[in-house]
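Q: just to be clear, the model below is a prediction. Sequence and coordinates:
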Amino acid sequence: ETGVTQTPRHLVMGMTNKKSLKCEQHLGHNAMYWYKQSAKKPLELMFVYSLEERVENNSVPSRFSPECPNSSHLFLHLHTLQPEDSALYLCASSQDLRQLYHGYTFGSGTRLTVV
Amino acid sequence: GEDVEQSLFLSVREGDSSVINCTYTDSSSTYLYWYKQEPGAGLQLLTYIFSNMDMKQDQRLTVLLNKKDKHLSLRIADTQTGDSAIYFCALITGGGNKLTFGTGTQLKVEL
């Protein structure tokens, strides 16, 4: 295990469903991130949280709604998604926003398919 | 914006050396990283180099940094089938606040 756990590993949802992705880390990190990885596209940074406060939101559609209730947990709430939202969603954490000596620690991702 | 470019594919024979290249535009990064992504998995940090170094060797991995040309490379000696994966370079951007990743290079190792 990498220290960052994502659940579920796979998710299939209809366009009218509401679901949530969960990310958990017990590394004592203070910053957490959501990335979207689509086939043949670069990694897209979606959201950045530092000490439970959102510090970056990269023009992500409102059908994606993040939540960080504490520094160990990060959620991505999904509703009325489109088929083009099908992708691998990766969570990562780092010691702090500016403490990047060890880079990011990634979870294994949630493979999302929107039908 | 920050551009980090990699070639998309590389195919090598088992036992040969692989060299994966990365070019970038923002030269302010203190550290530069190489990540490996195996099928169906997240990204795993392989190695990193401090920006004041030219080379770092770690077992079968050699990282070369040419700051003048803004070029980073990863050499894998004696490439094995288990090295088949996507390799991403990454550097610190955004004034030190985040990692920006390259486009990824898919390495295929053939027998």
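A: Here it is on my side, so go on. Predicted, not measured: the structure shown is a model, and the values here were computed from it.

Q: mind listing what residue A:100 touches?
A: The contact partners of residue A:100, by Cβ atoms under 8 Å, 6 or more residues apart in numbering or on different chains, come to A:94, B:30-31, B:92, B:96, B:99. Just so you know, the C-beta spots here come from the backbone N, C-alpha and C atoms, and that holds for glycine as well.

Q: farthest pair within the residues you listed?
A: A:94 and B:30 (13.6 Å; Cβ to Cβ).

Q: these two: which is more packed in?
A: Of the pair residue A:94 and residue B:30, residue A:94 is the one with more neighbours under other Cβ atoms under 10 Å in any protein chain shown, namely 24 against 14.

Q: show the pLDDT at that one.
A: As predicted, residue A:94 sits at a pLDDT of 93.

Q: quick one: residue B:79 and residue B:19 touch, right?
A: No. Counting by Cβ atoms under 8 Å, residue B:79 does not reach residue B:19; the two are 10.1 Å apart.

Q: so residue 100, which state does it fall into?
A: I went with chain A, as the question did not name one. Classification of residue A:100 by DSSP: H, G, I helix; E, B strand; the rest coil places it in coil.

Q: that was the other one, I meant chain B.
A: Counting by three-state DSSP, the backbone at residue B:100 sits in strand.

Q: residue ranges for the strands of chain B, please.
A: B:4-6, B:9-13, B:18-24, B:31-37, B:43-50, B:55-58, B:61-66, B:71-76, B:85-93, B:98-101, B:105-110 (DSSP state E).

Q: do the lowest-mean-pLDDT helix or strand in chain B and chain A come into contact?
A: Least confident element among the helices and strands of chain B, by mean pLDDT, DSSP states H and E: strand B:98-101 (a mean of 88). Yes. Applying Cβ under 8 Å from any Cβ of the partner chain, one finds strand B:98-101 touching chain A at B:98-99, B:101.

Q: which stretches of chain B have low pLDDT?
A: B:1-2 (pLDDT under 70).

Q: mind redoing it with 80?
A: B:1-2, B:94-97 (pLDDT under 80).

Q: repeat that for chain A.
A: Low-confidence segments of chain A (pLDDT under 80): A:1-2, A:40, A:56-58, A:98-101.

Q: centroid-nearest residue for it?
A: The structure's chain A has its C-alpha centroid closest to residue A:34; by Cα atoms, centre = their mean the separation is 2.9 Å.

Q: point me to the residue of chain B nearest chain A.
A: Nearest residue of chain B to chain A, counting by Cβ to the nearest Cβ: residue B:42, 3.7 Å away.

Q: the residue of chain A found nearest chain B: what's it in contact with?
A: Nearest to chain B, among the residues of chain A, is residue A:106, at 3.7 Å (Cβ to the nearest Cβ). Contacts for residue A:106 (Cβ under 8 Å, 6+ apart) come out as A:2, A:4, A:90-92, B:35, B:42-44.

Q: right, and out of the residues you listed, which lies closest to residue A:65?
A: Closest approach between these and residue A:65, by Cβ to Cβ: residue A:91, at 15.0 Å.
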